[in-house]
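Peer 1: sequence and predicted model, in that order:
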Amino acid sequence: MKFLKVDKVSKAYSGNEKPAVSDLAFSMKRGEIVSFVGASGSGKSTLLKLIGGLISLDKGTIHFQGKEIEEPENKLIPGEEGIKMVFQDLRLMPNHTVEENIKYPLLLFDKGYQNDRTEELLGVCHLQAFRKRLPRELSGGQQQRLALAKTLAEEPELLLMDEPFSNLDPIVKSKLIVDVSEIIRNQGLSLIMVTHDTQDALMLSDKIGFMSEGKLVQYASPLNIYNKPKSIDIAAFFGTINIFDSHEVQQFSGENLEIAEYQRIVIRAESFRTSFESGMLKLEGVVQGSFFKGAKYLIRLKVGNRLVTMYANEMIKNGVRIKFYVDRHNLVAI
Ligand SMILES: Nc1ncnc2c1ncn2[C@@H]1O[C@H](COP(=O)(O)OP(=O)(O)OP(=O)(O)O)[C@@H](O)[C@H]1O
């Protein structure tokens with residue numbers, strides 16, 4: 001039995017011609033972290049709401065631990081036992097302290113358990129020092145951690161997060177996302193999140209789903225989606241790419257690569273090297289610009305009659321002719 005199985009699910013909002021989610025299928029195992037990425041309007045949030053049982057589907061089925069998720073219309077309180085969503089707007093109780101916010105979902109339990117679980121969650125989410133504060137007296141990151149603690153108090157087995165950290169500055173965000181993934185792993189939970197941040201998705205997920213116009217175009221491990229993208233859009237989503245037609249790479253490198261006429265070759269900017277190793281393809285170009293990117297420089301080169309973008313460790317002056325290299329494994333035929 002799959003932990004979660006989404007089977008051929010479609011959903012169109014009334015008044016919209018195109019479905020928001022169309023014939024979508026995937027499954028996940030217990031303990032996994034799954035991220036959904038894709039352009040704005042591709043249906044990511046709709047999928048999350050369908051899984052959470054918050055909106056009704058038109059076609060298909062969703063099974064959570066073997067049980068079909070019920071339509072929200074058939075339930076007193078929409079939502080599925082065991083699946084909980086951390087909302088973008090956090091939904092904290094503004095006039096209650098951190099401690100009280102966490103304790104609220106636990107009020108039906110006995111006092112001893114309430115106190116123990118609240119202490120545990122304060123610890124897990126690093127909120128002990130702020131227990132007596134009101135939500136408005138917390139920073140953005142602390143508020144996000146409180147929303148997480150409050151949701152964890154409901155003891156979900158599957159957590160859903162929609163753009164959980166979009167409002168935070170990059171430093172707080174990258175720390176928090178690592179914290180959250182550790183909490184999920186340590187507590188033995190499972191997570192589905194929607195994110196715009198490709199680095200977060202690559203770093204934290206067991207599987208990534210790429211959505212486009214309501215369809216799930218690829219569902220694969222971060223390594224596979226990065227190295228074997230099914231489309232140019234997916235390749236471009238995970239970094240700066242160069243797209244060549246079937247003749248160009250052969251022409252520039254002077255080697256026969258057995259590429260079919262219809263195929264395009266994608267080479268990531270980070271796949272190029274400035275030093276040669278055996279078996280690599282050799283290319284040559286004239287530097288048009290160097291841009292400082294922190295750890296690396298982004299170099300624009302004129303190769304034949306086109307521009308190629310690559311990363312290098314050092315700045316290279318404009319007008320300099322350089323040789324650069326790429327491993328054949330880094331040529332992605334699409
Ligand atoms: N409540 C609604 N009523 C009507 N149409 C909606 C509703 N919610 C979403 N849509 C439409 O459904 C499509 C998918 O929206 P959805 O919010 O799922 O996309 P998304 O990938 O999460 O986008 P974003 O990254 O911008 O949050 C869009 O075309 C959107 O305009």
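Peer 2: Thanks, I have the structure now. The shown structure was predicted, so the numbers you read here are calculated from the model rather than taken from an experiment. Numbers count the residues shown, from 1 in each chain.
Peer 1: domain map for this structure?
Peer 2: 4-236, 242-333 (automatic domain parsing).
Peer 1: for those, which one sits closest to the ligand?
Peer 2: Smallest distance to the ligand across those (CB to the nearest ligand atom): 3.2 Å, for domain 4-236. Any C-beta I mention is one placed from the backbone N, CA and C, and that applies to glycine too.
Peer 1: please report phi then psi for the nearest residue to R145 once chain neighbours are set aside.
Peer 2: Nearest non-adjacent residue to R145, counting by CB to CB, 6 or more residues apart in numbering: C125, 4.4 Å away. With angles defined as degrees, to the nearest 10, C125 sits at phi -100, psi 10.
Peer 1: C125: neighbour count?
Peer 2: By other CB atoms under 10 Å, the residues close to C125 number 24.
Peer 1: what's the mean pLDDT across the helix or strand hosting G112?
Peer 2: G112 is part of helix 111-124, with elements assigned from DSSP states H and E. Averaging pLDDT along helix 111-124 yields 91.
Peer 1: what lies in contact with that helix?
Peer 2: 98-99, 102-103, 106-107, 109, 127-128, 131, 149, 152-153, 183, 186-187 (CB atoms under 8 Å, 6 or more residues apart in numbering).
Peer 1: mind listing the helices in the stretch 51-200 of the chain by residue range?
Peer 2: 98-103, 111-124, 140-153, 170-186, 198-204 (DSSP state H, counting those that start in this stretch).
Peer 1: now for the fourth one, which elements pack on it?
Peer 2: Helices and strands touching helix 170-186, by 3 or more CB pairs under 8 Å, 6 or more residues apart in numbering; DSSP states H and E, are strand 33-38, helix 140-153, strand 190-194, helix 198-204.
Peer 1: bridged to K207, which residues?
Peer 2: V34 (DSSP bridges).
Peer 1: am I right that it is in contact with G31?
Peer 2: No: at 11.8 Å, K207 does not count as touching G31 under the criterion of CB atoms under 8 Å.
Peer 1: how many other residues sit next to E258?
Peer 2: For E258, using other CB under 10 Å, the count is 8.
Peer 1: and the gap between it and T61?
Peer 2: 44 Å (CB to CB, to the nearest Å).
Peer 1: over to L158?
Peer 2: 16 Å.
Peer 1: between the two, point out the one with more neighbours.
Peer 2: More crowded of L158 and T61, by other CB under 10 Å: L158, with 23 against 13.
Peer 1: is that one bridged to anything, and to what?
Peer 2: Bridge pairing for L158 - DSSP bridges - gives I83, S190.
Peer 1: now do the contacts for it.
Peer 2: Per CB under 8 Å, 6+ apart, neighbours of L158: 3-4, 51, 64, 82-84, 189-192.
Peer 1: hmm, back to that, neighbour count: K207 and G31, which is higher?
Peer 2: K207 (21 against 14).
Peer 1: which residue is the nearest non-sequential neighbour of V308?
Peer 2: Using CB to CB, 6+ apart, the closest residue to V308 is L301 (4.8 Å).
Peer 1: helix, strand, or coil at that neighbour?
Peer 2: Assigned by DSSP: H, G, I helix; E, B strand; the rest coil, the conformation of L301 is strand.
Peer 1: the residue nearest to R145: what's it in contact with?
Peer 2: 145-146, 148-149, 152, 179, 183.
Peer 1: near the ligand too, which of those residues?
Peer 2: The subset of those within reach of the ligand, counting by CB under 6 Å from any ligand atom, is empty.
Peer 1: I'd say S181 and V34 touch.
Peer 2: No: counting by CB under 8 Å, V34 is not a contact partner of S181; they are 11.9 Å apart.
Peer 1: mind listing the shared neighbours of those two?
Peer 2: Shared contacts of S181 and V34, counting by CB under 8 Å, 6+ apart, come down to L191.
Peer 1: what about those two, which has more around it?
Peer 2: Neighbour tally, S181 and V34, criterion other CB under 10 Å: the higher count belongs to V34, 22 against 17.
Peer 1: so for N167, what's the pLDDT?
Peer 2: Predicted confidence (pLDDT) for N167: 69.
Peer 1: check D179 too.
Peer 2: Looking at D179, the pLDDT reads 81.
Peer 1: report how many residues lie close to it.
Peer 2: Using other CB under 10 Å: D179 sits among 17 other residues.
Peer 1: and it, how far from K84?
Peer 2: 18 Å.
Peer 1: and if you look at N101?
Peer 2: N101 is 15 Å from K84, by CB to CB.
Peer 1: over to E314?
Peer 2: From E314 to K84 the distance is 49 Å (CB to CB).
Peer 1: which of the two has more residues huddled nearby?
Peer 2: Ranked by neighbour count (other CB under 10 Å), E314 and K84 place K84 first, with 22 against 9.
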